[in-house]
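Fold the following and give me the result.
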Amino acid sequence: MFWNKDLLFCDISPTTYAISEQKEIIKRHISNFLSKDKIAETHFSRKLDNLISSQSSHLIKRGKGIDERLQINKAVNIRLACKKLNGLVIRPGETFSFWLTVGKTTKRRGYKDGRVIVGDRLTPGIGGGLCNLSNTIHRLVLHSPLKVTEFHSHSDALAPDEGKRVPFSSGTSVSYNYIDYRFINNTDQNIQLCLWCDKDNLYGELRSEKEFPYTFDISEEDHHFSKEGDKYYRISKIYKNTYDRETGKLLKKELVLDNHSEVMFDYDLIPKDQIRV
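Next comes the predicted model:
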């Protein structure tokens with residue numbers, strides 16, 4: 001038997017991957033214990049008065065090459081996590097942590113097999129699909145003055161676009177508990193995160209006590225697909241734009257993602273007019 005010295009320990013087998021993952025989970029538990037960050041824990045049943053930003057997305061994607069069972073399970077997982085997150089208030093100076101709020105996703109807590117990314121493969125996994133939820137939260141935060149303090153990306157091309165391209169429609173990765181999503185409330189007022197679902201859609205709102213003097217949006221430039229070797233990639237640059245609310249003047253343009261995402265869906269579904277040779 002030949003040993004590939006370039007192969008990472010976690011890539012040798014499913015067993016070594018599980019060992020490596022448990023090591024990372026333990027390291028994050030220790031880091032959380034030693035951290036001086038004040039984690040948001042308070043929930044309000046009443047919504048704060050001012051709407052900063054809102055987002056919505058379909059819970060279940062249907063189409064060629066999409067496992068509908070995993071999509072249905074994803075919706076179950078998102079509904080469970082939303083119950084932990086909805087109404088959470090992040091006070092000035094406090095940090096939001098996705099996993100310290102949601103907790104561990106287990107069968108005992110009702111979570112099901114959804115779609116997760118392991119390496120460069122899509123595969124079933126307990127609690128899969130919560131990246132859709134973390135991405136919704138990230139889009140809310142990008143439309144606000146809040147500061148992201150921990151962000152991990154995965155492919156922004158997991159499935160074909162539904163209608164018009166939405167920048168950052170996916171791409172925010174979370175995995176219990178060492179791949180977290182966090183932001184800090186760097187403002188002088190309480191911020192509230194509201195997340196809920198109806199039959200078909202996930203909805204999110206970021207709210208505050210009063211209006212901020214700025215507005216925000218995200219824009220995308222040079223979006224296209226490109227073939228590199230045997231694989232296709234989605235390529236673009238995504239910016240967060242800050243405007244003066246009163247005058248509409250652009251005050252700041254910040255690159256938030258230099259997008260180079262491996263396409264994880266059927267290459268035949270890539271729009272031909274968006275492929276650049």
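
Would you map out the domains in the protein?
Structurally, the chain divides into domains by automatic domain parsing as follows: 7-36, 37-212.

Quick one: the strands in the stretch 51-200 of the chain, in order.
88-90, 95-97, 113-118, 121-126, 147-150, 182-184, 191-197 (DSSP state E, counting those that start in this stretch).

Please name whichever of the ones you listed is nearest to Val263.
The closest of those to Val263 is strand 121-126. By CB to CB, the value is 11.6 Å. C-betas here are computed from N, CA, C, even on glycine.

where does the stretch 1-150 of the chain dip in pLDDT?
By pLDDT under 70, the weakly predicted segments of the stretch 1-150 of the chain are 1-14, 63-65, 118-120.

count of neighbours near the closest residue in space to Gly125 that isn't next to it in sequence?
The shortest distance from Gly125 to any non-neighbouring residue, by CB to CB, 6 or more residues apart in numbering, is to Val116 (3.6 Å). Val116 has 21 neighbours, counted by other CB atoms under 10 Å.

If Val116 is in a bridge, with which residues?
Beta-bridge pairing for Val116 (DSSP bridges): Thr123.

From what I see, it and His154 are in contact.
No. The criterion here is CB atoms under 8 Å, and Val116 misses it with His154 at 9.6 Å.

Spit out the contact partners of the closest residue to Leu140 other than its chain neighbours.
Nearest residue to Leu140, sequence neighbours excluded (CB to CB, 6+ apart): Leu206, at 4.4 Å. Contact analysis of Leu206 by CB atoms under 8 Å, 6 or more residues apart in numbering lists 51-54, 140-141, 143-144, 146, 191-194.

just the buried members of the residues you listed?
Ile52, Ser53, Leu140, Val141, His143, Ser144, Leu146, Ile191, Gln192, Leu193, Cys194 (16 or more other CB atoms under 10 Å).

now, which of those residues sits nearest Asp258?
Nearest to Asp258 among the buried ones among the contacts of Leu206, with distances taken as CB to CB, is Val141, at 18.6 Å.
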